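Trainee: Predicted model, plus sequence, below.
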Amino acid sequence: PYTTLFRSRSLLPMLASAQTVSDVQNSGCTARARGAAGEGPVPTIMLTKEGNILSVEVLNYEANCCTDNFHVTSNINGGSDGSPSSLSISVVPVGALDCDCECPFNVSFTIRDLEPNSFYLKCWWYEGLVELTNGVPLVLEYKVEDVVIGEMSFRLLKVMHKAKLTKWTTEEKEIRIPSEVTYEGENYTVTSIDHDAFGDLDHLAKIAIPKSIRSTDLDVDGIIWANPFRECKSLEWIEVEEGCPLLSSDDGVLFAKNKTMLLGYPIASPRETYTVPEGVTNIRSGSFYHNKYLRKLIIPEGVTYSGWHLFSDTKSLKALYIKGVLDPECIVDGLFGDMSTNVNIYVLPSEVDKFKAIYKGPVYPISEESQEYFPEGTKWTEIRLDTLKYDSWYSKVGNEWVPNFETIEYYVKGEYPDMDWVYKKVYRS
């Protein structure tokens, strides 16, 4: 259901030295005590430092019910240029992990030879600066609050001063997601956007995403659930600020940071032809959902994975070129969803039968791409109906329309490498 660009119970440090971890204990699966509001126990981290020994309690850690134990490692980076040391703690469940349930565990351990009382902590869901007083416990609770600020709704993780944009209701056609918001005098960095945050913005034409966005999940970086703009029916352009660690944009199209994954093509982009850039290997579910104007889409050889319903409810698509070999698990009924069967699909000769098995419309070997505009038996009147805006293709002589070969050659140059075939087809028709 989602794509993980980077997910771990703790962020891996850069150049770091291992700290000694001992006395690892866990409570086993604890009972789920549900409160009146139906909420589970609050994930909590407790830190107590005595001298150079740090005692850590990780409470209400959700893990598979079959977990037997936990593997705990710790590393510290000494910092540089006056920056604080960085302590990274990894807590990983160990066991069969094949039960169909999860439950909370309490895990405790000690870390020895830790000198500083102030450091940057990366542990479980928490990432931030902590300052400890010798012998005094520091309690970090994962508590969130849902608030409304102007036209926007947020979920705030107060202990880390992070905010997730959950809903935006506005009449503006162009918006920029804020990188920071203020609530009750406290500033919160907007680090995530919910995958349904923009579901009601039918009039939105352009959106800008700040570099502060790190996830579609509030507490785990690097997760992308789905294209958050898949229901924005007037969207023409998506822009991502330079330096964003999660996302990027190219020519108004949304990609993951390294541009190997296409996440969302704007529904109302006026382009009629689009070629997925080289280097993309993955196209996420619903990326071309509801598209209005795209007539021709070319997917390059490097794309090997695609999600479901890529082309559902596309309004104008006439030709789809898939020039590579998709993973077999992608070539299933859900790939095209309710896409019109009037779309011509062009694939490698070795893939034709695979696609015919899941698609009821025409599937051609990629070598027959010229048939997109000149299928067998096409008459000039039929071509003229489909290309009225290319009036210069024809000259009227008496009561007949005569094709203008010069303008045909200009229009198809670069699209149909076999120009002789096109000329023969024109003469024959």
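Mentor: Sure thing, it's come through. This is a predicted model, so every value here is computed, not measured.
Trainee: Tell me which helix or strand residue 71 sits in.
Mentor: Element membership for residue 71, per DSSP states H and E: strand 67-77.
Trainee: counting contacts, what elements does that strand pack onto?
Mentor: The helices and strands touching strand 67-77, judged by 3 or more C-beta pairs under 8 Å, 6 or more residues apart in numbering; DSSP states H and E, are strand 17-18, strand 20-26, strand 85-95, strand 102-112. Every C-beta, even on glycine, is put in place using the N, C-alpha and C of the backbone.
Trainee: Just the mean pLDDT for it, thanks.
Mentor: If you average the pLDDT over strand 67-77, you get 93.
Trainee: residues in contact with the residue nearest to residue 104 when sequence neighbours are not counted?
Mentor: Nearest residue to residue 104 in three dimensions, chain neighbours excluded: residue 60, at 4.3 Å (C-beta to C-beta, 6 or more residues apart in numbering). The contact partners of residue 60, by C-beta atoms under 8 Å, 6 or more residues apart in numbering, come to 30, 40-44, 104-106.
Trainee: Could you confirm residue 60 falls within a helix?
Mentor: No. Using DSSP: H, G, I helix; E, B strand; the rest coil, the assignment for residue 60 is strand, not a helix.
Trainee: what's the closest of the contacts of residue 60 to residue 157?
Mentor: Lowest distance from residue 157 to the contacts of residue 60 (C-beta to C-beta) belongs to residue 43, with 10.9 Å.
Trainee: Show the pLDDT at the closest residue to that closest one other than its chain neighbours.
Mentor: Excluding its sequence neighbours, the residue lying closest to residue 43 (C-beta to C-beta, 6+ apart) is residue 142, at 4.1 Å. Per-residue confidence (pLDDT) for residue 142: 92.
Trainee: Likewise for residue 16?
Mentor: Residue 16 is given a pLDDT of 57.
Trainee: Backbone dihedrals for residue 158, both of them.
Mentor: As for residue 158, its main-chain torsions (degrees, to the nearest 10) stand at phi -70, psi -40.
Trainee: That one and residue 56: what is the separation?
Mentor: Remark: distance between residue 158 and residue 56 (C-beta to C-beta, to the nearest Å) = 21 Å.
Trainee: Comparing the two, which residue is more hemmed in?
Mentor: Neighbour tally, residue 158 and residue 56, criterion other C-beta atoms under 10 Å: the higher count belongs to residue 56, 22 against 16.
Trainee: pretty sure the more buried one contacts residue 44?
Mentor: No. In this structure, residue 56 is not within contact of residue 44 by C-beta atoms under 8 Å, at 11.2 Å.
Trainee: PyMOL command for the buried members of the contacts of residue 60?
Mentor: In PyMOL syntax, the buried subset of the contacts of residue 60 is picked out as below (16 or more other C-beta atoms under 10 Å):
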select buried, resi 41+43+44+104+105+106
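Trainee: Under the pLDDT cut-off, which ranges of the chain? List them.
Mentor: Scanning the chain for pLDDT under 70 picks out the ranges 1-16, 32-39, 80, 219, 225, 367-429.
Trainee: any chance you could map the helices in it?
Mentor: 352-356, 380-386, 405-412, 419-428 (DSSP state H).
Trainee: got the contact list for residue 313?
Mentor: 289-290, 337-339.
Trainee: I'd say residue 90 and residue 74 touch.
Mentor: Yes. Under the criterion of C-beta under 8 Å, residue 90 makes contact with residue 74 at 7.5 Å.
Trainee: These two: which has the busier surroundings?
Mentor: residue 74 (25 against 20).
Trainee: Which residue is the nearest non-sequential neighbour of that one?
Mentor: Per C-beta to C-beta, 6+ apart, closest to residue 74 is residue 19, 4.2 Å.
Trainee: burial count for the one you found?
Mentor: Using other C-beta under 10 Å, residue 19 has 17 other residues around it.
Trainee: what's the distance between it and residue 273?
Mentor: Relative to residue 273, and taking C-beta to C-beta, residue 19 is found at 56 Å.
Trainee: Residue 308 versus residue 226, what's the distance?
Mentor: 11 Å.
Trainee: Next: residue 284.
Mentor: Distance from residue 284 to residue 308, by C-beta to C-beta: 10 Å.
Trainee: who has more neighbours, those two?
Mentor: Between residue 284 and residue 308, residue 284 has the larger neighbour count (other C-beta under 10 Å), namely 24 against 15.
Trainee: Just list the residues touching that one, thanks.
Mentor: Contacts of residue 284 by C-beta under 8 Å, 6+ apart are 3, 224, 226-227, 261-264, 307.
Trainee: gap between the residue nearest to residue 43 and residue 203?
Mentor: When distance is defined by C-beta to C-beta, residue 142 is 36 Å away from residue 203.
Trainee: where's residue 129 relative to residue 119, distance?
Mentor: Residue 129 sits 8 Å away from residue 119, going by C-beta to C-beta.
Trainee: Touching both of these two, which residues are there?
Mentor: Common neighbours of residue 129 and residue 119 (C-beta under 8 Å, 6+ apart) are residue 84.
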